[in-house]
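**Q** Build me a structure from this.
(one chain, ligands or ions: 2)
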Amino acid sequence: MQIRNICCIGAGYVGGPTMAVIALKCPDIKVTVVDINQDRIDAWNGPLHQLPIYEPGLKEVVAAARGRNLFFSTDINGAIDCSEMIFMAVNTPTKTEGEGAGMAADLRYFEACAKQIAKVAKTDKIVVEKSTLPVRTAEKIKEILEKHGKDDVHFEILSNPEFLAEGTAIQDLFKSDRVLIGGDPSPSGQMAVKALAEIYAQWIPREKILATNVWSSELAKLASNAMLAQRISSINSLSALCEKTGADIDELSKAIGMDHRIGPHFLKASVGFGGSCFQKDILNLVYLCKYYGLDEVAEYWHQVVKINDYQKDRFAQKIIDAFEGNVQGKNIAILGWAFKKDTNDSRESAAINISARLIEKGALIQIYDPMVTGDSINNDLNNFWKMSNFSNNMIKEFILMINIQSSLLNALDNADAVAIITEWDEFKEIDFSNDVKVFDGRNIVKSFGNSDIYNIGK
Ligand code: NAD
Ligand code: UGA
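**A** Ligands and ions are numbered 1, 2, ... in the order given. Purely as a prediction, here's the structure:
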C-alpha cells in the first residue's frame, strides 16, 4: 500500500517538526498539518523567523518543504477526507478534574479527534497515535471510530510514539535512535505497519525501525520517559547528599557515568527537570499502576516526581536561606525561563515554581530569557498561582513584583542575587560584580570573581 497523502492533527511541538521532516524526506507525499488554533496555523504559514516553535534547524526544513508538499491549515475535515494516513499529535495533559485528576492523562482532545476522523472519513484510513498515551488507549480509539464511523469504512490503528527532545528535535528526527511502530497482528494491521515503516525507511536505517504489538509501543513511550526522568531524580537526590558530605556532584556523575553499563547521559544534576512531558507521563504511569492494583510499583515511580519537587523547593530555599530567611524587597534576577536551552517552551519549567516561591516571600524578580515571550512568562505564573488557589487580588499583587527584562544586562542591574535556571549559551560567561550571590541551577558555573556561589551539589 503506497501512501500519497497524510495529515497530522495537532501543529504543536511534535506535529509541526515531525511532519516538516517527513515532508522534507518524502517529497512524493503531500503532508498537511492541521490545528484548531488559527493563530498557530497563521504563524506556521508566516515569516520563517516567527514560526510558533523555536527549534534549531526547523526554519530551514520548513523553508525547503512548505508550499511544495508541506501545508498548514485549519481545514481539519478537508485534510482528513484527502488522507490515507492520519497522525494524531494533540496534547494529552494531566487531568485537572474528574476521576484521576492530578494523575491520569486527559484524553478529551485525543478522543475529540478520533470522533472527528470517524465522522468525516468516507474511505479506509490508517490512524496513527503520535501523542503519548496510556497503554491500551488504542482499544478505546477503536471503539470510538467504530461507533461514530460509517459501516463500510475500515480503520487501522497504529501506535507510533515520538521520542524527540525539544531543542534538538530536528537532529533527533533526522537520526532517530529508533522508530517504534505498534500494530495489530492481523494481515491488515501488518500492512498498515509496513506502510508507515516505508515512510520512515526513506531516511531511517531499517534496523532502527522496530515493529511491536500496540500495547508494547504505547507503554514503551511512557517507560522511556520514566527511565530518563528517574536518572535525573537519582542524580539530583545525590546532589543533596553531596552538599552534606563534601563530595562533588560533577565528579560523582563522571565517575558513575564512566561505567559503560550506566553511561554518561542524563546524569547532570539540575534545579529539577521541566518540560511538558516527564511529570505528566510519570503521573500517568503511576495512575495506571494503581489502576491495575500495583501499589508498590506506583509508589516507586511516584518518588521520581516527588524528588523533582524536592529539588525545586530545595533550590528556592537555598536562595531564601542565603538572606537569613528574609528576601523581602530583595532584587533577584532569574536567568532563563525555558525548561531547557534552545526552545521557547516553558511548560513545567523549574523557573516557574522557584520564582513563585520567591515572590510569595516578598522578593522582586527580574526575568530574562532570550526566547520565551513576556506573555508566556506572565501566563505561566498566573496559572501556577491559580492552581495553588491564591485569590485574584493576591495574584495581582504578585504580578506587580515581576519585571520582564529584554536584555541580560538589564536583568542583572542592581541584583542582590542571580539564579541561573536555563543553560542558555549566553549565560556561560557572565561578569558578576563582587557582592552578588549567584545560585547556579545548571551546575556548570565554577567561579565568578569574589561573588558568593551556591552550586547544586557543591
Ligand atoms: P502542543 O500543545 O504543542 O500541541 C498540540 C496541538 O494540538 C495544539 O496546537 C492544539 O491546538 C492542537 N489540538 C488540540 N485539540 C485539537 C483538535 N481537536 N483538533 C485539532 N487540533 C487540536 O503539544 P506537543 O508538545 O506537540 O505534544 C503533543 C503530544 O506529543 C503529547 O501527547 C505529548 O506528550 C507528546 N510528545 C511531546 C513531545 C515534546 O517534546 N513536546 C515529545 C514527544 C511526545
Ligand atoms: C524528553 C525526552 O528526552 C524525549 O525523548 C521525549 O520524547 C520527550 O521528553 C517527551 O516525551 O516530551 P524533553 O523534555 O524535550 O525530552 O527534553 P530533555 O532533554 O529530556 O530534558 C528534560 C528536562 O530534564 C530539562 O528540564 C532538562 O534540563 C532536564 N535534564 C536533562 C536534567 O536536569 N539533567 C540531565 O542530565 C538531562
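**Q** Please identify the residues of the stretch 201-350 of the chain in proximity to ligand 1?
**A** Listed as neighbours of ligand 1 in the stretch 201-350 of the chain under the rule CB under 6 Å from any ligand atom: S276, C277. Any C-beta I mention is one placed from the backbone N, CA and C, and that applies to glycine too.
**Q** Can you name the residue of the stretch 201-350 of the chain nearest to ligand 1?
**A** Of all residues in the stretch 201-350 of the chain, C277 sits closest to ligand 1, at 4.7 Å by CB to the nearest ligand atom.
**Q** residue contacts, that residue?
**A** T132, N225 (CB atoms under 8 Å, 6 or more residues apart in numbering).
**Q** Could you report the distance from the residue of the stretch 1-150 of the chain found nearest ligand 2 to A89?
**A** Proximity of the stretch 1-150 of the chain to ligand 2 (CB to the nearest ligand atom) peaks at T132, 5.7 Å away. T132 is 10 Å from A89, where distance means CB to CB, to the nearest Å.
**Q** same check, this time on I3
**A** For I3, the distance to A89 equals 17 Å [CB to CB].
**Q** Compare the two and say which is more crowded by neighbours.
**A** Using other CB atoms under 10 Å as the criterion, I3 and A89 rank with A89 on top: 27 against 18.
**Q** Verify the stated contact: that one with P17.
**A** No: assessed by CB atoms under 8 Å, A89 is found out of contact with P17, at 10.1 Å.
**Q** Can you tell me the element T92 falls in?
**A** Element membership for T92 (DSSP states H and E) is empty, with no helix or strand holding it.
**Q** try V297
**A** Using DSSP H and E, V297 sits in helix 295-322.
**Q** Now that helix: average pLDDT?
**A** Mean pLDDT, helix 295-322: 97.
**Q** So which elements touch that helix?
**A** helix 214-245, helix 278-291, helix 350-360, strand 417-420, strand 437-440, strand 452-455 (3 or more CB pairs under 8 Å, 6 or more residues apart in numbering; DSSP states H and E).
**Q** and the closest residue to A411 other than its chain neighbours, how many residues sit next to it?
**A** Counting by CB to CB, 6 or more residues apart in numbering, Y368 is the residue found nearest to A411 once chain neighbours are left out, at 3.7 Å. Y368 has 24 neighbouring residues, counting by other CB under 10 Å.
**Q** So Y368 versus D184, what's the distance?
**A** Taken as CB to CB, the span from Y368 to D184 is 51 Å.
**Q** Can you tell me the SS state at L196?
**A** When classified by DSSP: H, G, I helix; E, B strand; the rest coil, L196 comes out as helix.
**Q** Does it touch N160 like I think?
**A** Yes: taking CB under 8 Å as the definition, L196 is a contact partner of N160 at 6.2 Å.
**Q** Any stretches of the chain with poor pLDDT?
**A** Filtered on pLDDT under 70, the chain yields the residue ranges 443-451.
**Q** repeat that for 80
**A** The chain contains residues with pLDDT under 80 at 1, 431-434, 442-453.
**Q** residues in it within reach of ligand 2, list them.
**A** So the chain meets ligand 2 at 132, 162-166, 225, 228, 232, 266-268, 270, 273-275, 277-278, 339-340 (CB under 6 Å from any ligand atom).
**Q** So which of those residues are in helices?
**A** Judged by DSSP state H, the residues of the chain next to ligand 2 include N225, L228, I232, F278 as members of helices.
**Q** which residues sit in contact with the residue nearest to A411?
**A** Residues counted as contacts of Y368 (CB under 8 Å, 6+ apart) are A333, I334, L335, G336, I404, Q405, S406, S407, L408, N410, A411.
**Q** redo that, cut-off 6 Å
**A** Counting by CB atoms under 6 Å, 6 or more residues apart in numbering, Y368 touches L335, Q405, L408, A411.
**Q** Just list the residues touching L107, thanks.
**A** Residues near L107 by CB under 6 Å, 6+ apart: none.
**Q** V304 and S233 touch, don't they?
**A** Yes: contact criterion CB atoms under 6 Å: V304 and S233 qualify, at 4.5 Å.
**Q** what about the two, which has more around it?
**A** Higher neighbour count among V304 and S233: V304, with 26 against 22, using other CB under 10 Å.
**Q** how close does the more buried one sit to F315?
**A** The spacing between V304 and F315, counted by CB to CB, is 17 Å.
**Q** Q50 now?
**A** According to CB to CB, Q50 and F315 sit 33 Å apart.
**Q** what about these two, which has more around it?
**A** Under the neighbour definition other CB under 10 Å, Q50 and F315 were set side by side, and F315 has more, 24 against 11.
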